[in-house]
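Visitor: no FASTA, just this:
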């Protein structure tokens, strides 16, 4: 009984920690992206989509690289945090199968997973 109560409350407790971890993942992603772009192109800033001086290829390369770096950094930080929580409590921090980004089918309640 105590274990099922623990399973129900852990996702609520994990929410603030998950927010901090996501913020840290974003900060890490920004740092890695800036360094990667500097190494690839020798420039401090990636091209902005509205920068008239940049071509389509350069803008799209920068956006694709930025998206990939942010996704990898976010996933690495989130997974590390979830694994640490599981090791310390014995319970995985999310209640739903499929994780945070799983989309429920239309009309399904929040407990559809």
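Guide: Structure's in. What do you need? Predicted model, so just to flag it, every value in this text is computed and none were measured. Numbering: from 1, shown residues only.
Visitor: can you pull the contacts of the most centrally placed residue in the chain?
Guide: The residue lying closest to the centre of the chain (Cα atoms, centre = their mean) is residue 74, at 3.1 Å. Contacts for residue 74 were tallied using Cβ atoms under 8 Å, 6 or more residues apart in numbering; they are 22, 25, 26, 29. For the C-beta atoms, the positions are set from N, CA and C on the backbone; glycine is no exception.
Visitor: mind running it again at 6 Å?
Guide: Going by Cβ atoms under 6 Å, 6 or more residues apart in numbering, residue 74 touches residue 25.
Visitor: would you mind finding the longest helix in this structure?
Guide: helix 2-41 (DSSP state H).
Visitor: so for it, what gets flagged as buried?
Guide: Under the neighbour-count criterion of 16 or more other Cβ atoms under 10 Å, helix 2-41 has 10, 11, 14, 18, 21, 24, 25, 28, 29, 33, 34, 37 buried.
Visitor: so residue 62 sits right up against residue 48, yeah?
Guide: No. Counting by Cβ atoms under 6 Å, residue 62 sits too far from residue 48 to count as a contact (8.4 Å).
Visitor: the more surrounded of those two?
Guide: residue 62 (22 against 12; other Cβ atoms under 10 Å).
Visitor: so how far is residue 60 from the closest residue to the more buried one other than its chain neighbours?
Guide: For residue 62, ignoring the flanking residues on the chain, the nearest one in space by Cβ to Cβ, 6 or more residues apart in numbering is residue 46 at 3.9 Å. Residue 46 sits 11 Å away from residue 60, taking Cβ to Cβ, to the nearest Å as the criterion.
Visitor: this completes my enquiry, with thanks.
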